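Novice: this one's sequence-less:
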């Protein structure tokens, strides 16, 4: 079977998303839970705007109060 | 993936065709309309389930099922079958697709794991390069080029995701903005309740504490709804049922008048008055203007009622046809500009009148309601009222009675704000305030605090919403920004590596004349900017300075630079569909070398209508003779006729075995003409100039042999000048062999002995003709490298002959003397 590695590198989109999520880990508005949920959504075949909006809107200010303090 | 065999049945212009490239390069050449592109369409259909040329812009009513099959056949009769070789799988695999079921690719499902990654790449259709593609990469605007190249790189999904992130951000920004407006509105309510102009927390807190003090509370330090009435008890405030409405009214009216009398408003009124006078003076200075204005309605009505013969509808005076209409139109046009001034007059009058009328209303109230107004004060106020009423009436006449010559700007100012009127009003205010019981202040303060409490609750609710909306918006914004930054970094790296590859490949083709060629490939906004060096005079868009031929080269080089990315070593075959149209023969040779050396592991299927390019590909060894197919004489029923040029020697042998010397002779003559045409081109042999470029073997062969001998002698003499005895010996040996072969071809005898002339080959016996065939076979090999099979060619350095060499360098006869 052809190993995924034989396709030279990771697809560009995957590289970009990896880089993006990696950088978002340092942003106070992003906790691990949110990053994981967004990762799942961006992995889906059709990226749904509505689902992303729902996920973001589910975050409460209090979720980040501790990190702010 | 390489194509070993391709069978096309009833697709586009092809009826039945079986090609067996065996994984090697394949050249299909023939005139326009001979069916070459149908081969490209067939491969396209097999791998993608569609025919790209039948989709896209301008193909609205064209469908695969209707227009994909050969014109006389049904979709279920239109099939493409191929046998391909996959990397990492040692057995050939059969693929088949039928236009009746274009979405179904038939293959052995057991090899799905091997095949799918390859089909995923192949299904993008990136393995076909046409001239149209080249123009899209090179001459299109940056945003179109970005789309094309991103599509080629299969990175359009990146833009799709970015757009989704943009939409998410935009949606959350709207919510954030709406919440921000709500907060501002709530703050506005607080300002209104407290009667202050700007939202200054210090001032608000001061006001609140003043109100709390009124109702017996202590100061607070924060503005919160829960704090507003902290420690205050409603029962502390008792109401007395007293009539204080009249006092409230008087206070309000005095407040209104004081507001109008303040310096700011008086200055404003003075400016308005000056402007008004200026407009009125302009109109009044031209009496005709006023007349025109006053007649405007009549004229407008009149112009619509001019009788058919052109006479006046009012007095029946006869006018030449059209003259009255023109006359009235001029009047209306003049009136229109005056009308604008008149409108300004109305507007300015109305603004001043507004102040005057407000003062009148409040003044009337004070005079009517005030119980103990002193007679003297009352008279002053009444006199003022009368003056204001006169002013108001004059202002209402659209400038007809204004300005009154009696009242200049100063007088009007006095009319609006007479001297000492403040003193009278203040007296009244002080007296009236005495009527308001202290308890009422408490009630008012309590009411304001109650109102403020509600206002603050709304504000706090809105602020919470805003805080949440801000968080969500920030998340979306950071997600988009980080995505874009990551995209830019990764794509920049990608474009940099493509650029390096592009420059390297281009320099291989044009390095002799553009040795310091550089390029820039940068994404800019949504576009992809490509600029190339022009003979070290700066960088320009590819289509700005370079010739069409160079642009074609660039398109090819950019595609080849991208191809490593595209194919990922899985789909290592490419169709070059008639892409070399504008490139000259010298650079085509470099293209051949490029394909042969840099892409030796790549299978190219090349179509061309250009015979010279076809021969060049063959002579340079990009395709060997068995991999050349000529399409000609296309007929609607049969499709193209095929000439397997490649098999010339085999076909001649076949003819001879059937004792068919005429056919064998015709093939040898035609093949030799093609071959020596290229030899003459490569060695720069001198032939008689012909406008139609149709030379016969009798012209080509002597020219080729003559040039060969000349160059060989030059090479020997050069080797001697360098003292290179070994080379001299080798060249002597070559010369001796060549001499024998030339003699065997009888070509030197053609002009003097008619019986051995190639025109008479057809009448030779089989036994007589066979030695000719063998001699020509050996003759061909004199001009071909034994190692790389490429045709020898003469390299030039400027105007000087540099060397005779093959592509691999095995043959290299120096022509530059010491």
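Specialist: The structure has been received and is ready for your questions. Small disclaimer: the values here were computed from a predicted structure and weren't measured.
Novice: Write out the residues of chain B neighbouring chain A.
Specialist: With CB under 8 Å from any CB of the partner chain as the criterion, chain B comes near chain A at residues B:87-88, B:113-114, B:117-118, B:153, B:155, B:157-158, B:160-161, B:164-165, B:167-168, B:171-172, B:464, B:467-468, B:471-472, B:474-476, B:478-479, B:482-483, B:485-487, B:489-491, B:494, B:568-570. All C-beta spots, glycine's among them, are computed from the backbone N, C-alpha and C.
Novice: Can you tell me which of the residues you listed end up in helices?
Specialist: Using DSSP state H, B:113-114, B:117-118, B:157-158, B:160-161, B:164-165, B:167-168, B:171-172, B:464, B:467-468, B:471-472, B:474-476, B:478-479, B:482-483, B:485-487, B:489-491, B:494 are the members of those that sit in helices.
Novice: So how do I select the buried members of those in ChimeraX?
Specialist: In ChimeraX, this line selects whichever of these come out buried by 16 or more other CB atoms under 10 Å in any protein chain shown:
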select /B:114,117,118,158,161,164,165,167,168,171,172,468,471,472,474,475,476,478,479,482,483,486,487,490,491,494
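Novice: ok, for the closest residue to chain B within chain A, nearest residue in space, not its chain neighbours?
Specialist: Distance from chain B to each residue of chain A (CB to the nearest CB) is smallest for residue A:19, at 3.6 Å. Closest residue to residue A:19 apart from its sequence neighbours, by CB to CB, 6 or more residues apart in numbering or on different chains: residue B:486 at 3.6 Å.
Novice: ok, now which ones touch the one you found?
Specialist: Applying CB atoms under 8 Å, 6 or more residues apart in numbering or on different chains to residue B:486 gives the contacts A:15-17, A:19-20, A:23.
Novice: how about stretch B:784-803: buried residues?
Specialist: B:784-785, B:788-794, B:801, B:803.
Novice: scratch that, stretch B:192-207
Specialist: Quick answer for stretch B:192-207 (16+ other CB under 10 Å): B:193-194, B:204-205, B:207.
Novice: Closest one of the residues you listed to residue B:301?
Specialist: residue B:193 (54.1 Å; CB to CB).
Novice: is it true that the closest one touches residue B:450?
Specialist: No - with contact defined as CB atoms under 8 Å, residue B:193 does not count as touching residue B:450 (9.7 Å).
Novice: packing partners for the strand or helix carrying residue B:270?
Specialist: Secondary structure from DSSP states H and E places residue B:270 in helix B:263-284. With contacts defined as 3 or more CB pairs under 8 Å, 6 or more residues apart in numbering or on different chains; DSSP states H and E, the packing partners of helix B:263-284 are helix B:287-303, helix B:323-369, helix B:409-416.
Novice: Tell me which two in the buried residues of stretch B:192-207 are the farthest apart.
Specialist: Pairwise over the buried residues of stretch B:192-207, using CB to CB, the maximum falls at B:193 and B:205, 14.1 Å.
Novice: if we can go back for a sec, give me the angle between the helix holding residue B:270 and helix B:287-303.
Specialist: In terms of direction (axes from the mean of the first three to the mean of the last three CA atoms, to 10 degrees), helix B:263-284 departs from helix B:287-303 by 70 degrees.
Novice: what's the burial count for the nearest residue to residue B:588 once chain neighbours are set aside?
Specialist: Among residues not flanking residue B:588 along the chain, residue B:616 sits closest, at 5.4 Å (CB to CB, 6+ apart). Residue crowding around residue B:616 was assessed by other CB atoms under 10 Å in any protein chain shown; the count is 23.
Novice: how about low-confidence regions in the stretch 251-400 of chain B?
Specialist: B:290, B:308, B:370-371 (pLDDT under 70).
Novice: which residues of the stretch 1-150 of chain B fall in helices?
Specialist: B:36-48, B:64-67, B:112-122, B:131-138, B:142-152 (DSSP state H, counting those that start in this stretch).
Novice: what's the most buried one of these?
Specialist: Greatest average neighbour count among the helices of the stretch 1-150 of chain B goes to helix B:36-48 (a mean of 23), per mean count of other CB atoms under 10 Å in any protein chain shown.
Novice: still on that earlier bit, so what touches the helix holding residue B:270?
Specialist: B:259-260, B:289-290, B:293, B:338, B:341-342, B:344-345, B:348-349, B:351-352, B:355, B:399, B:402-403, B:409, B:412-413, B:416-417.
Novice: picking up where we left off before, out of the helices of the stretch 1-150 of chain B, the one nearest residue B:97 is which?
Specialist: Closest among the helices of the stretch 1-150 of chain B, using CB to CB: helix B:36-48, at 5.2 Å.
Novice: which parts of chain A sit against chain B?
Specialist: So chain A meets chain B at A:1-2, A:6-8, A:12-13, A:15-17, A:19-20, A:23-24, A:27, A:29-30, A:34, A:38, A:42, A:47, A:49, A:52-53, A:56-57, A:59-61, A:64 (CB under 8 Å from any CB).
Novice: Just the buried ones out of these, please.
Specialist: Counted by 16+ other CB under 10 Å, the residues of chain A next to chain B give A:2, A:12-13, A:15-17, A:19-20, A:23-24, A:27, A:29-30, A:34, A:38, A:42, A:47, A:49, A:52-53, A:56-57, A:59, A:64 as buried.
Novice: Let's see which of the residues you listed end up in helices.
Specialist: Using DSSP H, these in helices are A:12-13, A:15-17, A:19-20, A:23-24, A:34, A:38, A:42, A:49, A:52-53, A:56-57.
Novice: So what does the closest residue to residue B:313 other than its chain neighbours have for phi and psi?
Specialist: Nearest residue to residue B:313 in three dimensions, chain neighbours excluded: residue B:305, at 4.0 Å (CB to CB, 6+ apart). When read as degrees, to the nearest 10, the backbone of residue B:305 gives phi -120, psi 20.
Novice: Report how many residues lie close to residue B:305.
Specialist: Neighbour tally, residue B:305, other CB under 10 Å: 9.
Novice: Over to residue B:105?
Specialist: With other CB under 10 Å as criterion, residue B:105 counts 17.
Novice: Can you read off the pLDDT for it?
Specialist: At residue B:105, the model reports a pLDDT of 92.
Novice: Then the one 3 residues further on?
Specialist: The confidence metric pLDDT takes the value 89 at residue B:108.
Novice: In space, what's closest to it - neighbours in sequence excluded?
Specialist: residue B:93 (6.7 Å).
Novice: shouldn't the one you found be in contact with residue B:109?
Specialist: No - in this structure residue B:93 lies outside contact range of residue B:109 using CB under 8 Å: 11.3 Å.
Novice: Which of those two has more residues huddled nearby?
Specialist: residue B:93 (18 against 8).
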